[in-house]
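S.K.: What shape does this take:
(chains A, B and C)
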Amino acid sequence: MKRVISLVLLAVVGVGWIYLGEAKIRIEFWHAMSGSRLKVLEKIVNDFNSLHPDIEVVPVFTGTYEETLTKFIAAYRAGTAPHIVQVYEVGTQTMIDSGAIIPVYQIPEILGETWDWGQYILPILLYYSVDGNLWSFPFNSSTSMLYYNKDHFRAAGLDPNKPPTTWDEVEEYGKKLIEAGIVKNVIAFGWPDWQFEQQLALHNHLYADNDNGRAGLATKVMWPDEFSIKVFETWTRLAQEGILIYAGTEYDPNAAFTSGAISMLLQSTSSLDGILKTAKFEVGTSFLPRFPGEPIGNSVVGGASLWVRKGLSYDELRAVWEFFKYLGNTDVTIYWHKNTGYFPATNAAVKQLMDEGWFAKSPNHLTAFLQILIGRRDTAASIGVRLGPFVAIRDYIRSAMEKAFSGALSPADALAEAAAKANAALEEYRLSLGK
Amino acid sequence: MKKQVLYTVGLHATLVLILLGVAFPVYFAFVIATHTHEDAYAFPPKLLPGKQFLANVLEAWTRTNMGRLMLNSAIVAIAVSLGKIMLSILAAFAFTHFRFRGRVLLFPMCMVTQMLPLPVRIVPAYQLMASFHWLNTYYALIIPYLASTTGILLFRQFFLTVPDELPDAARVDGAGPLRYLWSVLVPLSKTNIAALFVIEFVYMWNEYLWPLLVTTNPSLRVAQIGLKMLLTTERTVAEWNVIMAGTILVMLPPLVVLILMRRQFAQGIAMQSTK
Amino acid sequence: MQARFPGYRILPYLLVFPSVAVIIIFLVAPFIQAAIQSFRQTSPFGTVSSFVGIRQYQLLFSDPTYMRSLLTSWYFGLLVILGGLSLSLFIAVLVTRKVRGMAFYQVAFIWTYALSPAVAGVIWALLFDPAIGIGTYVFSKLTGFSINFTIQGATAILILAAAAIWNMLGYNVCFYIAGLQNVPRELEEAARVDGAGPWRTFWLITFPMLSPTTAFLVFVNTIYAFFQVFGLIDIMTKGGPGGATEILVYKLYRDAFIRVRYNYASAQSVVLFLIVAATAIFQLWVSTRRAVYLR
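M.R.: Numbering: from 1, shown residues only, chains lettered A, B, ... in the order given. This next block holds a predicted model:
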């Protein structure tokens, strides 16, 4: 009897040994990619897992960006946080201050590898960097551009290949479109609060102090100042003329554009595929409208990036790094771009797309790229702002827009009211960090 | 005589009109669920059903994995209902059949549960789930709901109406209190149990905020959140026909339970209002 | 009351224990935590925390969006309670007339109770969808106004209230039916004999006798209008347009889980608690007062 027992025990230990020896390194990856993006992501992860039999990346869809961040915070406090988490650009400062992550630039150093950060698209790199070092890994980035209805332009006697370049032209074209009876309202903003950030960065104006929150925690917002008041006044005037219609937040205005109720839309590039599929007219795209005579900056990067939890073992770090390197592969990057509309994050991918004629076939996919690549990248204003209480401040700007457009407050007063709330939020954020 | 007839006819007519008015929104929802996307967007809106109902239901079902969602809702609703009933019976039994100092707990328990609805404790409750490692588990969806002072009061009221002869007889027979509870009281309480079951089942099936917070994993989400998922698609224009098909699916189970058990539900209400 | 099973010391405690445990662990302890957190300022990841006294409350009451949220909540609550209860009472009175066939109607309204606030939200969002909603269509035909609850704040609140009233109709009607059936017929008949018309009978006799039911329904509908409508709002307006429908519970949710301001949200939780406690105590007071009066 004793013999049998010991044999069984030996067998169990043996099997366990073999099994554990072959144990994969499990990397949990929380993300917010829903719908069709989910399938694309899962394919990428499955391919990676097949190529690396000793690693298993487990993607977990954890809801919207907000839900994912909330869950991550709670999980971290409870000690159950994942290895990789996707956080939207708005949560960048929160993650930097979290004390819960390891900046990604440190990973190759720890692993003894060299890594050329120059292979990534510079504006994206700059957005997620602190003091020139990259803290989170670029994954799905987008920016905003102008969509317009070429059929409407033709019907109003406008040249469909000459979309408006400045806000004056937006107003002029808008009046023509309304007079020709094509539409009642002309243009709407997707993510209206983001469009305000875009205009500031586009013209190299700071959004907040301390170099847009990049040299240190922002203590106050720079608006209302002359430029921001000009933006608000222009938009308010357009709204009161009926040219600009406030059609909700985020992706709400897309329906108005694709159904032909309006002729122009400022929206994220990530909507491009959806709009091209749904619109029954010829869709044109161009750069965001500018204010003539103002300095040149750049459009701001949106989307999300990947953060790595601190406290990972050496093996786990190695696995994470292999995964990140895989995500940066030209083929993978191109696959991600073609199936989701997000930027391919590497220069090599852009070149290959160009070589295979992708942009020639679909010039609309090139627009946002060009816009961000030809803008300047050397000033904090053009890279974009980083704020702790970003979500709240976006809320305040949105309220300010609604009040200004409806005439409840003057543009300057609406901005001032929002600024007071924003500064209070910034102070509270610093207080919560004990600063 | 004529006045009486007029009165009756008028009463019926008014009520029928009101009933139709109340039912109309659901009817309209059903009609939209039977059309194609284009027909659903017809203006003025169509009022007669189309032929696409099954197709839309299938689309809603696969798009949100509705089968899994409804299974989760069912598991949670049934588990909580049964659990609540059990805990309430035990507590009510204690309060009515024993003399112990803990009896004074009843009133504060009731006050506390009435005054502490979820939003009043939501952030720490959520963090509690995180620290128990219960996020994205059935535990988080079920356990916090298991105490019900409504149930305790309901059963307490009923137990008080049971004549003393029964427990006395049980004691004479040598049966302990638990035996008495299980073999005598519980069978007697069938109506109350059914009433509480239907009320709690509907209530739990329809819960929204807590499941929204504690389960973000698609395999743990409940049917109500499936509705939210249907609405927030990437499609640029809302596909109302599919959304309404999904809505009809989600609202059927509690509706069926309520209609099948309407008598017990009415009794539950009657008992609550003669407190 | 006699102990039916004397001599058992520990058993009753064991029987009550599960319920008490759940209540303490999942209701009381978190609330105490919320109260404590409302006096502190903590970093999102919990790394730094300090005591700040009543700062959160000061912020709360000097914040115009919070005051607006308070007012909106009360306004909405009033609409739901007044509108809902009067409509339900009207229906309940009709179906409790001594006429043949009324029993059918008494059950016919029950089914609305099965619909969740989220389901009601989807249905009413469709009904008044600016593009295809039949409600929008009929309204514009009748009044010439085109309403759009996604961009008009005042419209949004009214439509939300209508959806909420519709949602609670079955419940309210059922309780009023039960309440009406409990009103002693002798009192009504006595009034009739005294020469009072049906209208006066109703207001002087029936309605006052219904006050425990009414108080109870006011409480339940208040809880509904303050809390359960969350699903309705999340589906229909998400607090918009421009915060017009961001009632207290929705603002709490957004502040806590989207804007990640845990301490600020905890202060809101405490204020909500005070509101609920006050309403609960009021309801208790009215029903006991009524009970004494009856005696």
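S.K.: Please report the distance of the residue nearest in space to the middle of chain C from residue A:114.
M.R.: Centre of chain C computed as the mean C-alpha position; nearest residue by CA atoms, centre = their mean is residue C:224, 2.4 Å away. Using CB to CB, to the nearest Å, we find residue C:224 at a distance of 62 Å from residue A:114. From N, CA and C alone the C-beta is placed, and that goes for glycine too.
S.K.: do residue C:9 as well
M.R.: Taken as CB to CB, the span from residue C:9 to residue A:114 is 74 Å.
S.K.: what's the answer for residue B:23, then?
M.R.: Here residue B:23 is placed at a distance of 71 Å from residue A:114 (CB to CB).
S.K.: which parts of chain C sit against chain A?
M.R.: C:41-48, C:50, C:52, C:59, C:63, C:65, C:150-151, C:240-243, C:257-261, C:263-264 (CB under 8 Å from any CB of the partner chain).
S.K.: mind listing what the residue nearest to residue A:103 when sequence neighbours are not counted touches?
M.R.: Excluding its sequence neighbours, the residue lying closest to residue A:103 (CB to CB, 6 or more residues apart in numbering or on different chains) is residue A:135, at 4.1 Å. With contact set as CB atoms under 8 Å, 6 or more residues apart in numbering or on different chains, residue A:135 has these partners: A:92, A:95-96, A:101, A:103-105, A:128-129, A:307.
S.K.: can you do 10 Å?
M.R.: Residues in contact with residue A:135, defined by CB atoms under 10 Å, 6 or more residues apart in numbering or on different chains, are A:92, A:95-96, A:101-106, A:128-129, A:305, A:307-308.
S.K.: Equivalent analysis for residue B:267, please.
M.R.: Counting by CB under 10 Å, 6+ apart, residue B:267 makes contact with B:191-192, B:194-195, B:198, B:261, C:178.
S.K.: rerun at 8 Å
M.R.: Residue B:267 is in contact with B:191, B:195, counting by CB under 8 Å, 6+ apart.
S.K.: Okay, it and residue B:192: tell me how far apart.
M.R.: When distance is defined by CB to CB, residue B:267 is 8 Å away from residue B:192.
S.K.: likewise residue A:199?
M.R.: Applying CB to CB, the value for residue A:199 to residue B:192 is 65 Å.
S.K.: neighbour count winner among those two?
M.R.: Set residue A:199 next to residue B:192 and count neighbours by other CB atoms under 10 Å in any protein chain shown: residue A:199 wins out with 28 against 24.
S.K.: now stretch A:82-97: mean pLDDT?
M.R.: Averaged over stretch A:82-97, pLDDT sits at 94.
S.K.: hang on, I meant stretch B:171-190
M.R.: Mean pLDDT, stretch B:171-190: 85.
S.K.: Quick one: check it for contact with chain C.
M.R.: Yes: with CB under 8 Å from any CB as the criterion, chain C is reached by stretch B:171-190 at B:171, B:177-178, B:180.
S.K.: For residue B:251, which residues are in contact?
M.R.: C:114-116, C:119.
S.K.: Quick check: which element contains it?
M.R.: Element membership of residue B:251, judged by DSSP states H and E, is helix B:240-260.
S.K.: So which residues of the stretch 301-435 of chain A form strands?
M.R.: Per DSSP state E, counting those that start in this stretch, the stretch 301-435 of chain A carries strands over the ranges A:302-309.
S.K.: Nearest spatial neighbour of the residue of the stretch 151-295 of chain C found nearest chain A, chain-adjacent residues omitted?
M.R.: With CB to the nearest CB, the shortest gap between the stretch 151-295 of chain C and chain A falls at residue C:242, namely 4.1 Å. Among residues not flanking residue C:242 along the chain, residue A:402 sits closest, at 4.1 Å (CB to CB, 6+ apart).
S.K.: Could you do residue B:70 as well?
M.R.: Once flanking residues are discounted, residue B:70 sits nearest to residue B:223: 5.0 Å by CB to CB, 6+ apart.
S.K.: Residue A:203 too?
M.R.: residue A:294 (4.2 Å).
S.K.: any idea whether the one you found is helix, strand or coil?
M.R.: Here residue A:294 is coil, with the state taken from DSSP: H, G, I helix; E, B strand; the rest coil.
S.K.: Give the burial count for it, as a bare number.
M.R.: When neighbours are defined as other CB under 10 Å, residue A:294 has 16 of them.
S.K.: how much space is there between the residue nearest to residue C:242 and chain B?
M.R.: Remark: distance between residue A:402 and chain B (CB to the nearest CB, to the nearest Å) = 22 Å.
S.K.: now residue C:29
M.R.: Going from residue C:29 to chain B by CB to the nearest CB gives 8 Å.
S.K.: go on, residue A:226?
M.R.: 37 Å.
S.K.: Can you check the pLDDT for that residue?
M.R.: Residue A:226 is assigned a pLDDT of 94 by the prediction.
S.K.: Got the phi and psi for residue A:232?
M.R.: Residue A:232 adopts backbone torsions of phi -60, psi -40, taken as degrees, to the nearest 10.
S.K.: Oops, could you answer that again for residue A:185 instead?
M.R.: The phi/psi pair for residue A:185 (degrees, to the nearest 10) is phi -130, psi 150.
S.K.: I'd like to know how far it sits from residue A:238.
M.R.: From residue A:185 to residue A:238 the distance is 10 Å (CB to CB).
S.K.: what touches both of these two?
M.R.: By the contact definition CB under 8 Å, 6+ apart, residue A:185 and residue A:238 are jointly contacted by residue A:244.
S.K.: Report how many residues lie close to residue C:5.
M.R.: A count of nearby residues for residue C:5, using other CB under 10 Å, gives 22.
S.K.: Contact partners for it?
M.R.: By CB under 8 Å, 6+ apart, the contact set of residue C:5 is B:97-98, B:167, B:171, B:177, B:180.
S.K.: Output the below-cut-off pLDDT ranges for the chain.
M.R.: Unless you meant another one, I'm taking chain A. For chain A, the stretches with pLDDT under 70 are A:1-2, A:5-6, A:9-23.
S.K.: Correction: the question concerned chain B.
M.R.: Applying pLDDT under 70 to chain B flags the ranges B:1, B:233-237, B:273-275.
S.K.: middle-most residue in it, spatially?
M.R.: Nearest residue to the geometric centre of chain B (CA atoms, centre = their mean): residue B:202, 1.6 Å.
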